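A.B. asks: pasted the sequence and its predicted model underneath.
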Amino acid sequence: MNILWFSWKDTSHPAAGGAEYISSQIVKGLVKEGHKVILLTSRFPGAKQKETRDGYKIIRVGNRYTVYWEAYRYYKSHLENWADEIIEEINTIPFMTQWYSKKKRTLLIYQLCREIWFLSAVVSI
């Protein structure tokens, strides 16, 4: 099966943490089971736009803020017919893949951050 994984960071990102580690372990397991996986994620200074790691392909587009829009654009122009399933990793902000893909989707939610958003709004007032 071809699996397209949307995430805002990968394990090479300087700000990567536990969520990225867990995701990479799941991806490695999927590859070991024989699936083809592409991780569509954000770029960061010094990162390669494309690379292969542990049997899966990483494609980096946009940055921390623009990755959601750039992932949509890349998907529509290069990957729309490739995936059998989409895994959308939600770490605060969703990619909203349901708006542009009818593929089978799995959501992986690490945090909703409603408390952080409220605290940030109160502190910034």
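C.D. replies: Yep, it's here. Nothing here was measured: the structure is a model prediction, and the numbers come from that model.
A.B. asks: what sits against Leu39?
C.D. replies: Counting by C-beta atoms under 8 Å, 6 or more residues apart in numbering, Leu39 makes contact with 5, 7, 10, 27, 56-59. The C-beta positions use only the backbone N, C-alpha and C, and glycine is treated the same way.
A.B. asks: okay, now the unreliable bits of the protein?
C.D. replies: Screening the chain residue by residue with the criterion pLDDT under 70, one finds the ranges 111-125.
A.B. asks: that older thread, now, which of the contacts of Leu39 lie within strands?
C.D. replies: With strands defined by DSSP state E, the entries of the contacts of Leu39 inside them are 5, 56-59.
A.B. asks: can you get me a residue count around the closest residue to Met96 other than its chain neighbours?
C.D. replies: Sequence neighbours aside, Tyr68 is the residue nearest to Met96 in space, at 7.4 Å (criterion: C-beta to C-beta, 6 or more residues apart in numbering). A count of neighbours around Tyr68, defined by other C-beta atoms under 10 Å, yields 18.
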